[in-house]
Structure formats: C-alpha cells, structure tokens
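Participant: the following block contains a protein sequence and its predicted model.
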Amino acid sequence: MIAPFFKFGYFNSEIGLLVAFIIGIGFGFFLERGGFGSARLLAAQFYFTDMRVFKVMFTAIVTAMVGLFYLSWIGFVDLSLVYLGDTYLLPQAVGGLILGIGFVIGGYCPGTSGVAIATGRLDAIVYSLGGFFGIFVFGELFPYMTNFYYSTHLGKENLPSFFDINYGLVILLVILIAVAGFTAVEWGEKVMAKKRSGGENA
Amino acid sequence: MSIKEWFSHHHEDNVKEHALYPKHYWNSYLVGMGLGLVLLSAFVIMGRGLGASGALSTVVAVSVNEVAPSHAKGNAFYEGYLGDGTQSPLKDWLVFEVLGLIVGGFISGAIAGRNKIAIEKGPNITKKKRFIFAFIGGSLMGFGAKMARGCTSGQGLTGGAMLNLGSWAFLLSVFAGAYATAYFVRRQWI
C-alpha cells in the first residue's frame, strides 16, 4: 500500500497546504459548474423544482465511495489511514437539523457561499458574516453545552459496522438507493415543470 | 444527444427563470462525478476529505484570540482551532482549501460569464429582507455545523463517502430540516 501519500510521508505539511489549495480549486470549480453559486438554484431543491443538490451530492458521494473502496480493495490505499470522524449521534442529528433550516433560510451552505462570493453574490457575503456570527455564538455557549456536545458517543462507527453488514454490500445498497433516487427526482422534475407551465397558461 | 448538448443539459424553464446566467451549467451527474473525483484525490493524496466550515471556525477562533486572548485560551472550542502555538493557526489545511475553492469558483464563473455583482432572491422579496434572511440562515448554519462537527462538505460529502454513521444521520437531518422549513420561507425564493 502506498496511499494516502501524505500519511506515508512522501511530502511535508507545507506541501500539503499547496495540495489543499489545488484541491480547493477543483472543489470550487465543480461547485460553480453545477450551479451551486446560486442560492435560487440551491433553494429550488426544497421546492422540488430543481433537484441538482440531491443529484450532485449523491453522485459525488457514490463516486468517491466506490473509488475509495476499489483502491483499498486492490491494495493501493490503506483505508485505516483515511481520517474517519467519531460519531456523536444526537448532536450530529440536531446540528444537521439546524444547518438544514439555515440552508433554506440563507440559501447556501458554507462551501457554496464561498463560490457565490467569488462570483459576486452580495447576499452570500451577508450569509458568511452570519456564519461567522453563528460560530462565535457556538463558541461562547460551548462551555454550557459540553455535556450535550459529547453525548451519544459511538466512536468510529460506520454503516457496515453499525448494521453489521459487509462493506461491499452496503456500497451496493447505497448505489441502488442512489439510482432509485435519481430516477424518482428526474420524474419529479418533469412533473413539476409540466405543472408550472400548465399553471402559466391558465 | 451530442456531447456538447449533454454538457449543457438544462431544463429550459429553469433557464428562463434564471436570467442571470448567460451560459448553461454542466449536467448535474457529470458535476457530481467531478466533485467525487476531487474528494477521492483528497482521500488518496492526504488521507482526509473536503471541508469548509472548519476554515470559518479557525478565523473566528483567531479573531477571538486577538481581541481577548485569555478568554479564548479558557475555551476548549476555540483552543481546538488555535493549535499549540508553534505556528500560525491560519496555516491550516482547510483554510488553504477554502482559499482554493474561492479561486476555483471564480475561474469557473469567469469562463461561463457568470461573475457579476448580484443578489440571489426570488421576485417577491426586497433586498433588505433577503439580507436579513441571509444573515439569519448563515448564523444557524454556523451554529449547526459546529454542533454537527462539520457541514455539508466535511460531514455530508466526506463522511457520507466514508459511510460514517454520524454523517449519514447528519445528512438525513439536513434534508429533513430544510424541507420542514421550506414552506415558511417560500416567498424568499418563489
């Protein structure tokens, strides 16, 4: 096994920062290509008129998931050296809920707001100022929330270990769910488009 | 369908609504594959995934530390982003990645002719109200991302591809929270 390259010491952390910058360019480029610099297109996901958030996110997850699994299966990547965060089930679910509410109210998430700022969207600047403020509030309240923040700690738990299913089988299931989801949203978009054009004529 | 058409595949009705965008976006599945390969290269080269909110947290922690060092030092949350003091906390992987993200977004927007000073909102809301909503939404996002230990990039994409249990719980919650709230803020978007 020769990867992850950084973990095997092929380069130092200074070069790692350069890698971060280059990977970031790719990240921002594809987000903008997909329309993720536009709050209206992002928010359309939650009104069923444009499902690109779902399509892009799930395609990205499936691509990286399958690629990583394959590269570890052929012995190229040591999967145990790829960082996996601990699961804190309840705070992560509650945090996700709050972030989701913020997503549809604000129109962006942190990464997409960076792309929107880069392409000149003024509301994204205000959004990111809100982001700094929210993190500051979290920091100030942190001493009073530590019990909840560290609650329901399950350690390094992934879907295969939690449900006790073979890793490859979970991957297959995720792919099947993704394909079913894609089929459903493509159909849904057509229905919504028809409904709207019908409404305009009436 | 020719390759060129596939690249610019886009629903015509959406294009009409979004007069801001002179050139069409790429096909969502193609973009998803591109993003997935960027994420995969981060896994292979660095042994870690993508992120965004962590960079904002570093900036907040450094700012608090500048204004009130003793206050920041006594807080485990800020301290986590300040490091051991041997080098600047801003020399951080996620900070550089987000700088790259801004450059990458600018390059893509410039190629497509989409870089333009504008405000993203529906036709039925004033600019001032949009800004208020943007600030409130951003604040909730910042708070929620810290509670969840990451945002749509760090938990959603990265943890999702790693099949991390907490990340999948997070992902489901994000969509649940957004769909549950969408009705109440619909005037902002449609």
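Facilitator: The structure has been received and is ready for your questions.

Participant: number of residues surrounding the closest residue to A:Val62 other than its chain neighbours?
Facilitator: Leaving out its chain neighbours, the residue that sits closest to A:Val62 by Cβ to Cβ, 6 or more residues apart in numbering or on different chains is A:Ala178, at 5.1 Å. For glycine as for every other residue, the C-beta is placed from the backbone atoms N, C-alpha and C. A count of nearby residues for A:Ala178, using other Cβ atoms under 10 Å in any protein chain shown, gives 19.

Participant: A:Ala178 and A:Thr63 touch, don't they?
Facilitator: No. Taking Cβ atoms under 8 Å as the definition, A:Ala178 is not a contact partner of A:Thr63, at 10.2 Å.

Participant: where along chain A do the strands fall?
Facilitator: For chain A, the strands defined by DSSP state E occupy A:87-88, A:153-155.

Participant: of the ones you listed, flag the one that's most buried.
Facilitator: Stretch with highest mean neighbour count among those: strand A:87-88 (a mean of 24; mean count of other Cβ atoms under 10 Å in any protein chain shown).

Participant: which residues are in contact with the most centrally placed residue in chain B?
Facilitator: Nearest to the mean C-alpha position of chain B, by Cα atoms, centre = their mean, lies B:Ala52 at 6.0 Å. The contact partners of B:Ala52, taken as Cβ atoms under 8 Å, 6 or more residues apart in numbering or on different chains, are A:109-111, A:114, B:94, B:98, B:101, B:151-154.

Participant: okay, now the residue nearest to A:Ile171 when sequence neighbours are not counted: neighbour count?
Facilitator: For A:Ile171, ignoring the flanking residues on the chain, the nearest one in space by Cβ to Cβ, 6+ apart is A:Phe69 at 5.6 Å. Each residue near A:Phe69 was counted by other Cβ under 10 Å, and the total is 18.

Participant: I figured A:Phe69 hits A:Leu172, correct?
Facilitator: No. Under the criterion of Cβ under 8 Å, A:Phe69 makes no contact with A:Leu172, lying 10.3 Å away.

Participant: elements contacting the helix or strand bottoming out on mean pLDDT in chain A?
Facilitator: Counting by mean pLDDT, DSSP states H and E, chain A has its least confident helix or strand at helix A:167-201, which shows a mean of 88. If you count contacts as 3 or more Cβ pairs under 8 Å, 6 or more residues apart in numbering or on different chains; DSSP states H and E, helix A:167-201 packs onto helix A:52-73, helix A:159-163, helix B:12-17.

Participant: how does it look with 10 Å?
Facilitator: Under the contact criterion of 3 or more Cβ pairs under 10 Å, 6 or more residues apart in numbering or on different chains; DSSP states H and E, the helices and strands touching helix A:167-201 comprise helix A:52-73, helix A:159-163, helix B:12-17, helix B:28-46.

Participant: can I get the CA coordinates of the next helix or strand after the last one in CSV?
Facilitator: So the one you mean is helix B:28-46. Downstream of helix B:28-46, the first helix or strand assigned by DSSP states H and E is helix B:53-67. Output for helix B:53-67, consisting of C-alpha atoms alone and laid out as CSV, is shown next (Å, rounded to 0.1, in the frame of the first residue of the first chain):
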residue,chain,number,x,y,z
SER,B,53,-16.9,25.4,8.0
GLY,B,54,-13.7,24.4,9.7
ALA,B,55,-11.9,27.2,7.9
LEU,B,56,-14.5,29.7,9.2
SER,B,57,-14.1,28.4,12.7
THR,B,58,-10.3,29.0,12.5
VAL,B,59,-10.9,32.6,11.5
VAL,B,60,-13.4,33.0,14.4
ALA,B,61,-11.0,31.4,16.9
VAL,B,62,-8.1,33.5,15.7
SER,B,63,-10.2,36.7,15.9
VAL,B,64,-11.4,36.0,19.4
ASN,B,65,-7.8,35.2,20.4
GLU,B,66,-6.7,38.6,19.0
VAL,B,67,-9.3,40.5,20.9
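
Participant: for helix B:53-67, list every residue counted as buried.
Facilitator: Of the residues in helix B:53-67, those with enough neighbours to count as buried (16 or more other Cβ atoms under 10 Å in any protein chain shown) are B:53-62, B:64-65.

Participant: how about these in CSV, adding distance to chain A?
Facilitator: Listed next are these as CSV, based on distance: Cβ to the nearest Cβ, whole Å:
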residue, distance to chain A
B:Ser53, 4
B:Gly54, 9
B:Ala55, 8
B:Leu56, 5
B:Ser57, 5
B:Thr58, 10
B:Val59, 7
B:Val60, 5
B:Ala61, 7
B:Val62, 11
B:Val64, 7
B:Asn65, 11
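
Participant: quickly name whichever of those residues is closest to A:Leu122.
Facilitator: Of all the buried residues of helix B:53-67, A:Leu122 sits closest to B:Leu56, with 18.3 Å by Cβ to Cβ.

Participant: remind me which residues of chain B are low pLDDT?
Facilitator: Filtered on pLDDT under 70, chain B yields the residue ranges B:1-23.

Participant: longest helix in it, please.
Facilitator: When secondary structure is assigned using DSSP state H, the longest helix within chain B turns out to be helix B:127-148.

Participant: that one versus helix B:53-67: what angle between them?
Facilitator: Here helix B:127-148 runs at 90 degrees with respect to helix B:53-67, directions being taken by axes from the mean of the first three to the mean of the last three Cα atoms, to 10 degrees.

Participant: ok, and what's touching the next helix or strand after helix B:127-148?
Facilitator: For helix B:127-148, the following helix or strand on the C-terminal side (DSSP H and E) is helix B:160-161. Outside helix B:160-161, the residues within contact range by Cβ atoms under 10 Å, 6 or more residues apart in numbering or on different chains are A:57-58, A:60-69, A:82, A:159, A:174, B:36, B:39-40, B:43, B:49-50, B:152, B:167-168, B:170-171.

Participant: measure how buried residue 174 is and give me the count.
Facilitator: The chain I'm using is chain A. A count of nearby residues for A:Val174, using other Cβ under 10 Å, gives 20.

Participant: hm, I was asking about chain B
Facilitator: B:Val174 has 30 neighbours, counted by other Cβ under 10 Å.

Participant: CSV for the strands of chain A, including distance to A:Gly34?
Facilitator: Converted to CSV, these look like this (distance: least, Cβ to Cβ, whole Å):
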stretch, distance to A:Gly34
strand A:87-88, 29
strand A:153-155, 33
